[in-house]
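Peer 1: Would you be able to build a 3D model of this:
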Amino acid sequence: MNKYPIEIFWSDEDEGYIALAPDLPGCNAWGRTEGEAIIELHDAMAAWITACYKSGDPVPEPSKPLYAMTV
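Peer 2: Below is the predicted model:
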């Protein structure tokens, strides 16, 4: 299992928290709370990585995180 860095921030426009995985381009999630956004991001990251394996695309190595999520 790899630990990927994540970013979480409040979005006034979306009226909720946005969580994203910078090492996985386009992989992000929304939640009403930080916790909800993190849970949604975990699912999105797992799906992103699974799609890479299925298509034969390389899965990026994680960069050095300040905070990380294991997927």
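Peer 1: make it CA atoms for all contacts and neighbour counts henceforth
Peer 2: Noted.
Peer 1: low-scoring pLDDT stretches of the chain, where are they?
Peer 2: 1, 65-71 (pLDDT under 70).
Peer 1: Show me the helices in it, by range?
Peer 2: Taking DSSP state H as the test, the helices found in the chain are 34-55.
Peer 1: Can you name the residues that contact the residue most central in space within the chain?
Peer 2: Closest to where the C-alpha atoms of the chain average out (C-alpha atoms, centre = their mean) is Ala21, at 3.6 Å. Applying C-alpha atoms under 8 Å, 6 or more residues apart in numbering, we find Ala21 in contact with Tyr4, Pro5, Ile6, Glu7, Cys27, Asn28, Leu41, Met45.
Peer 1: try Lys64
Peer 2: Neighbouring residues of Lys64 by C-alpha under 8 Å, 6+ apart: Tyr4, Pro5.
Peer 1: ditto for Pro62
Peer 2: With C-alpha under 8 Å, 6+ apart, Pro62 has these contacts: Asn2, Lys3, Tyr4, Pro5, Asp23.
Peer 1: Tell me if I'm right that the third one and Ser63 touch.
Peer 2: Yes: taking contacts as C-alpha atoms under 8 Å, Tyr4 lies within contact range of Ser63: 6.8 Å.
Peer 1: more neighbours, these two?
Peer 2: Ranked by neighbour count (other C-alpha atoms under 10 Å), Tyr4 and Ser63 place Tyr4 first, with 22 against 12.
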